[in-house]
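Student: Below are the sequence and a predicted model for it; my questions follow.
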Amino acid sequence: MARKEATRRVAGTDGADFGGSDFHTTDHKEWMSQLLAEKGRRDLKMEDIVWPGTHDSATNKIGIPLLSRTFARCQSCSIYGQLLNGCRVFDIRVEKKWHVCHAIPLER
């Protein structure tokens, strides 16, 4: 019953009203420490935080320039650059010989 009520409340919104949605920072690199430093937020659980992440995170240098890179690359920043921008969840697909890939890794 509680889930139906929560769904009903969110249905009429733009989806931006969730736990922690009132937190804003300009220092994306340090957002986690700032979030916990605010009064009243020390009791946050992992499931209460919306974790920023990227799809196909390590594809910034994948493919052949001007040929396949435009179709295979999903991110223009390195993993380090994404960390500095606040990302904390990464989708990294690695093939058997430690090559980053864009699709489902295939054994070769």
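Tutor: It's in.

Student: Pull the contacting residues for residue 58.
Tutor: Neighbouring residues of residue 58 by Cβ atoms under 8 Å, 6 or more residues apart in numbering: 75, 79, 90, 92, 93, 100. In short, each C-beta sits where N, CA and C put it, glycine included.

Student: Check it and give its pLDDT.
Tutor: Confidence at residue 58, expressed as pLDDT, is 82.

Student: Just to be sure, it is in a helix?
Tutor: No: secondary structure of residue 58 (DSSP: H, G, I helix; E, B strand; the rest coil): coil, not part of a helix.

Student: for the contacts of residue 58, which one is nearest residue 37?
Tutor: Of all the contacts of residue 58, residue 90 has the smallest distance to residue 37: 24.6 Å, by Cβ to Cβ.

Student: Report the buried members of the contacts of residue 58.
Tutor: Buried subset of these (neighbour count, 16 or more other Cβ atoms under 10 Å): 75, 100.

Student: Can you tell me which of the contacts of residue 58 is closest to residue 36?
Tutor: residue 90 (21.3 Å).

Student: Now do the contacts for the closest one.
Tutor: Residues near residue 90 by Cβ under 8 Å, 6+ apart: 53, 54, 57, 58, 79, 82.
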